[in-house]
Structure formats: structure tokens, C-alpha cells
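*Asks:* next one to model:
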Amino acid sequence: MMESNEQTFKPKKSVALSGVAAGNTSLSTVGKNGNDLHYRGYDILELADQASFEEVAYLLIYGELPVKSVLDSYQSSLKAKRTLPTALKDVLRQLPKTSHPMDVMRTAVSVLGSLEPEPAKPTVEQTQKIIDRLIASLGSALLYWYHFAYNGKEVDVVTDDDTIGGHFLHVLHGNAPNQSWIRAMQISLNLYAEHEFNASTFTARVIAGTGSDVYSAIAGAIGALRGPKHGGANEVAFEIQSSYASANEAEEDIRKRLANKEVIIGFGHPVYVTADPRNVIIKQVAKKLSDEVQDTTLYEIAERLEEVMWAEKKCFLI
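*Replies:* Numbering: from 1, shown residues only. So this is what the prediction gives:
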């Protein structure tokens, strides 16, 4: 682990329930030094690039980084859990094209909870297996719906890809993805795997705390994550960036919006007081992919917006 930074930072302005103790967790710490994120004591700057998503998932769920033999076994077990029950496919085919992808996943979790219910008094191990099942199959469910809703096609969601990221890209595009795309997916999944007591995690914890089943907790968490003030902020930020034809146009418009005191979704954070540590990592990934496809327009727009917001002393949120 990296040495801790002893520098002190001015706390953020109190909003909503900030500052109210919600509980204890050994899973993750956010912003203790102003701009850091750790999973079970491991710095995200080390994990994001050096570990696979399956290693990070195992770390979070089972408490330690797996040795190679354990990782191989875990990957094999996840691959076997990618299939979808026929009854779930029937439901997914009924969902309209206008459905939001988060709604599709929320529905898939609820249906699986009925088809493969949690035992009345589950052990920790049984709950862990359900979580593994959801990790392995949610991408399959989303893409099965997507291809049917948009193309009228029932796709095979079983692939031989070793990773969750590779499997998702393979089913999405219909062919095996290149390594740089898989790497980008792995890094992104690692960056978003855990974030202490954020809104969706807190929602899941409240639901689980009532004695409800894990499926209900995850379905509720997906609902919270969907909101534009949480995970949905990424979607809004992408829509904003995609609306501009050039970096110059983006800068001109954002400066006008700042002058009008508008809130710019995608910037600022209630915990990090200097910067989001995930930004520097995903920015490198975005630059590499932009260069590969020889189209850097969107990257240049995002970078210009970041420069403008930094000048306004805002924290960049990925």
C-alpha cells in the first residue's frame, strides 16, 4: 500500500446526511486523504491497472486477493453462471425498446430472485454464490434484451471468454473483442466496483438490514444507482459531451452555463476534496482508445471541459 498522506483538507459543505455515521465497513475507504480510494486496504491506483475485475470481485466478496489457482477456479465458476433461465428470457422479451438499461437489470434481478430464490436462512457462502451468479449473468440479461428489443434477435449469451468484460463485449458485438477493449472494460469495472457508503450501497444495506433477501437489496441498489445524482450522472455527462461538435464549442457553452450558475453534471463530488483518483486512470484509457480509432474529438471535448472546470476549482468526476 502507498503511505498515507498526512496533509489535512477542508471538509466539504454539509449536505443531506453527510457527517452522520451510517455504519462501519472493511470493504472500502473513500477520500480519507482528499483524493484516494482503497478496496480492503489496496489502493485503486494499483488495483485498477494491475488486477483483473475477477480478482477485484473476489477480493471484495471473499476478503482477499486470490492466488492463481483460486482465480482460475473462480473464473471457471463465473463462466458457468452466465446462462439465463428460459423464464427470464421470456420476461426480457416483453420489455419494450424504450426501457432504460438499468430498469432491465433491475427487472432481471427481481425475476432471478423468484426463479432462484435465496434460502430462508442463507449462510454467508450461499449469499456469496448468489452475488457471483448476478455478477456473471446480469451482462447476459442486459444484452439478451438489447439484441431482441433492437434487432429482433435472440442471441446466445454463452461465450468462452475468460473475463466478464470480454464476455460482455463479445455478446454485444457478436465477435471476440480485441485486447485493448477488454483491458478498458476491466479497468472501468475495477474503478466502479466499490465506493464505500454511496447512495446505492446505502440503499442495499438498509434493505438487507430489514432481513430481506439479497435480490431485493440489489434491485433497490440498482434503482438508487440509476438516478442522475448518482450513477446516472455519467450518462448525463456523456450526453452533454456528445452534444458538442468541437472542444471550442464545448468551452464556449460551458462558460456561459457557469456564468448562469448552472450545475454541470459530471463535475464535483461530495467526498473528494481535491480530485477523483479514478479520473487519471480512465483518462489514460480514453486517450488510448481514441488514438486507436483515430477519432479524438470526444476526448478533446472532455479534456477541454475538465480544464475549464479545474480553472473554476471544481473536482472532476468520472
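
*Asks:* tell me the pLDDT of the spatially most central residue of the chain.
*Replies:* The chain has residue 192 as the residue nearest its centroid, 3.8 Å off, counting by C-alpha atoms, centre = their mean. We have a pLDDT of 85 for residue 192.

*Asks:* what does residue 168 give?
*Replies:* 97.

*Asks:* that one contacts residue 144, doesn't it?
*Replies:* No - with contact defined as C-beta atoms under 8 Å, residue 168 does not count as touching residue 144 (11.9 Å). Any C-beta I mention is one placed from the backbone N, CA and C, and that applies to glycine too.

*Asks:* measure the residue nearest to the centre of the chain to residue 44 for me?
*Replies:* When distance is defined by C-beta to C-beta, to the nearest Å, residue 192 is 10 Å away from residue 44.

*Asks:* need the contact list for residue 148.
*Replies:* By C-beta atoms under 8 Å, 6 or more residues apart in numbering, the contact list for residue 148 reads 92-93, 154-155.

*Asks:* looking at those residues, which one is closest to residue 217?
*Replies:* residue 92 (21.5 Å; C-beta to C-beta).

*Asks:* quick one: which helix or strand includes the closest one?
*Replies:* Per DSSP states H and E, residue 92 falls inside helix 86-94.

*Asks:* pretty sure residue 38 sits in a helix.
*Replies:* No - remark: residue 38 does not belong to a helix; assigned using DSSP: H, G, I helix; E, B strand; the rest coil, it is strand.

*Asks:* let the chain start at 12 from now.
*Replies:* Yep, numbering from 12; the last one is residue 49 now.

*Asks:* report the buried residues of stretch 167-182.
*Replies:* Of all the residues in stretch 167-182, those buried under the rule 16 or more other C-beta atoms under 10 Å are 168, 170, 172-182.

*Asks:* any weak-confidence spans in the stretch 12-161 of the chain?
*Replies:* Judged by pLDDT under 70, the stretch 12-161 of the chain has its weakly predicted residues at 12-37, 39-46.

*Asks:* in it, which spans are helices?
*Replies:* 55-61, 64-73, 79-90, 97-105, 112-126, 135-162 (DSSP state H, counting those that start in this stretch).

*Asks:* for residue 272, which of those is the nearest?
*Replies:* Comparing these by C-beta to C-beta, helix 112-126 comes nearest, at 29.7 Å.

*Asks:* mind listing residues that contact that closest one?
*Replies:* Here helix 112-126 makes contact (C-beta under 8 Å, 6+ apart) with 96, 98-99, 102-103, 106, 144-145, 148-149, 152-153, 156-157, 224, 226-227, 229-230, 233-234, 236-237, 242-243.

*Asks:* what do you get for stretch 168-183?
*Replies:* Contacts for stretch 168-183 (C-beta under 8 Å, 6+ apart): 63-65, 86, 89-90, 93-95, 146-147, 150-152, 154-155, 157, 166-167, 187-188, 192-193, 195-197, 199-200.
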